[in-house]
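**Q** Need coordinates for the following:
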Amino acid sequence: MASAPSEPIYPVQDRSPSFGKIIASFNFGDVATIGGITAVALPFGYYMGKPIPVPTMRAMGVIGFLGGFMLACQNSSSRLMGYSKP
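**A** Sure thing, here's the model as predicted:
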């Protein structure tokens, strides 16, 4: 398992960004990540939830949205802290 480098490679914008700053620095790729994962999770939930497809689809949509949101937050945070390209 890889670990984060001890020193940032790229310029540091904020060493310890707040939640609001992380959300404010979302770019198009982050928003596309949220939308893409949610868009894949909805039909997956519908087709996998054979006895009750619509509630399963909704639950998978929420799970997909939250997963995409967490991934987008991680990417935004790493850009602000200098661990990935801004």
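**Q** CA only for contacts and neighbour counts going forward, please
**A** Fine.
**Q** Contact partners for residue 67?
**A** The neighbours of residue 67, taking C-alpha atoms under 8 Å, 6 or more residues apart in numbering as the test, are 34, 37.
**Q** does it belong to a helix or a strand, and which?
**A** helix 53-80 (DSSP states H and E).
**Q** swap in residue 38?
**A** Residue 38 belongs to helix 28-48, assigned by DSSP H and E.
**Q** Tell me what angle the helix holding residue 67 forms with helix 28-48.
**A** Orientation check (axes from the mean of the first three to the mean of the last three C-alpha atoms, to 10 degrees): helix 53-80 against helix 28-48 gives 160 degrees.
**Q** wait, doesn't residue 43 sit right on residue 57?
**A** Yes: Residue 43 lies in contact with residue 57 (C-alpha atoms under 8 Å); the separation is 6.7 Å.
**Q** quick one on the thing from earlier: quick one: average pLDDT of the helix holding residue 67?
**A** In this model, helix 53-80 has an average pLDDT of 96.
**Q** Begin at 590 from now on, thanks
**A** Taking 590 as the first residue, the last one we looked at is helix 642-669.
**Q** Apart from its neighbours in sequence, what residue is nearest residue 675?
**A** residue 668 (5.2 Å; C-alpha to C-alpha, 6 or more residues apart in numbering).
**Q** Then residue 672?
**A** Residue 672 sits nearest to residue 597 (C-alpha to C-alpha, 6+ apart), 5.1 Å away.
**Q** can you tell me the helix or strand for that neighbour?
**A** Per DSSP H and E, there is no helix or strand for residue 597.
**Q** So which bits of stretch 649-665 are buried?
**A** 649-650, 652-654, 656-658, 660-662, 664-665 (16 or more other C-alpha atoms under 10 Å).
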